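**Q** Pasted the sequence and its predicted model underneath.
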Amino acid sequence: MHSGVTRLTSSTAGIRSRHVVMVAVSAVLAVALSVTPALATHDGDGNSNGPRDFVTGGGKHLGNGVGPEVIRTSVSAHVGPDGDARGQITTSVQFSDQENQPAKLRVTCLIVVGNEAVITSVVERQAPGLPEGTVVVTHIVDNDATGGIPGAPDLIRHSFAPFIVPTVPPDGQDGPCFLPVLAPVTVISGNYVVHDADA
């Protein structure tokens, strides 16, 4: 699999049988493609006096939700006054007591619906396993926000090809925009804030 840390390490390869993975990917892909039109019509502008869509925060999660590697991520993504997505994601992988140099990613698309955000970004400063130019899709669920599950931890996952599918950018955004096909995993420490301007 080339999602989350599996792109960065092969230590979790072979956990599931190929058949189970293909069934799961097919099911998630079907759902992702069915919601694409709804996501594409979300403009994120709110009203002219209020804040626009944004995602901020930082935290740690285990690679693919099971580890052993720990992924640290900080996010600052927002829709600007012109309607285009802006921001940066910094992420690094920690194995035991050694942490790799963080990759820096430039945000190209931000889709926010309720307490969930999907951020498409491109690697601008590479790190081991993440070459420059790699498209990364970060899915964040803010369970402290309206629509979240009170008391539940936030969720996150970084996904890569082939576990991402293209979608139409929201109004005002140039993209490229993608949606993930794998579900996010539990944040073990930290907090992410997702703001939906249209909520």
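**A** Cool, the structure landed. Numbering: from 1, shown residues only.
**Q** For the most centrally placed residue in the chain, give its distance to Ile156.
**A** Here the mean C-alpha position of the chain is nearest to the C-alpha of Thr138 (CA atoms, centre = their mean), at a distance of 1.1 Å. Counting by CB to CB, to the nearest Å, the separation of Thr138 from Ile156 is 7 Å. To be clear about C-beta, it is placed using only N, CA and C from the backbone, and glycine gets the same treatment.
**Q** now swap in Gly175 and tell me
**A** For Gly175, the distance to Ile156 - CB to CB - is 21 Å.
**Q** which one of those two has more residues nearby?
**A** Ile156 (27 against 15; other CB atoms under 10 Å).
**Q** okay but that one is in contact with Val136, surely?
**A** No - when contacts are counted by CB atoms under 8 Å, Ile156 is not listed as touching Val136 (11.9 Å).
**Q** Could you list the low-pLDDT ranges of the protein?
**A** 1-50, 96-97, 99 (pLDDT under 70).
**Q** Now do the contacts for the residue lying closest to Thr120 once chain neighbours are set aside.
**A** Spatially, and ignoring its direct neighbours in sequence, Thr120 is nearest to Cys109 (3.9 Å; CB to CB, 6 or more residues apart in numbering). By CB atoms under 8 Å, 6 or more residues apart in numbering, the contact list for Cys109 reads Ala85, Val118, Ile119, Thr120, Pro169, Pro170, Gln173, Gly175, Pro176, Cys177, Phe178.
**Q** Surely Ile164 touches Pro180?
**A** Yes - if you go by CB under 8 Å, Ile164 and Pro180 touch, sitting 5.8 Å apart.
**Q** okay, and the common contacts of these two?
**A** Between them, Ile164 and Pro180 share the contacting residues Val137, judged by CB under 8 Å, 6+ apart.
**Q** returning to that earlier point: the residue nearest to Thr120: what secondary structure?
**A** Secondary structure, DSSP: H, G, I helix; E, B strand; the rest coil: Cys109 is strand.
**Q** on that earlier part again, mind listing the shared neighbours of Thr138 and Ile156?
**A** In contact with both Thr138 and Ile156: Thr73, using CB under 8 Å, 6+ apart.
**Q** So what sits opposite Cys177 in the bridge?
**A** Under DSSP bridges, the beta-bridge partners of Cys177 are Thr167.
**Q** To clarify, my last question referred to Phe95.
**A** Gln98.
**Q** And the residue nearest to Thr120, how far from Asp82?
**A** 14 Å.
**Q** which residues touch Ile89?
**A** Here Ile89 is in contact with Thr73, Ser74, Val75, Ser76, Ala77, Lys104, Leu105, Val107, Ile119, Ser121, Val136, Thr138 (CB under 8 Å, 6+ apart).
**Q** List only buried entries from these.
**A** By neighbour count, with 16 or more other CB atoms under 10 Å, the contacts of Ile89 hold Thr73, Ser74, Val75, Ala77, Lys104, Leu105, Val107, Ile119, Ser121, Val136, Thr138 as buried.
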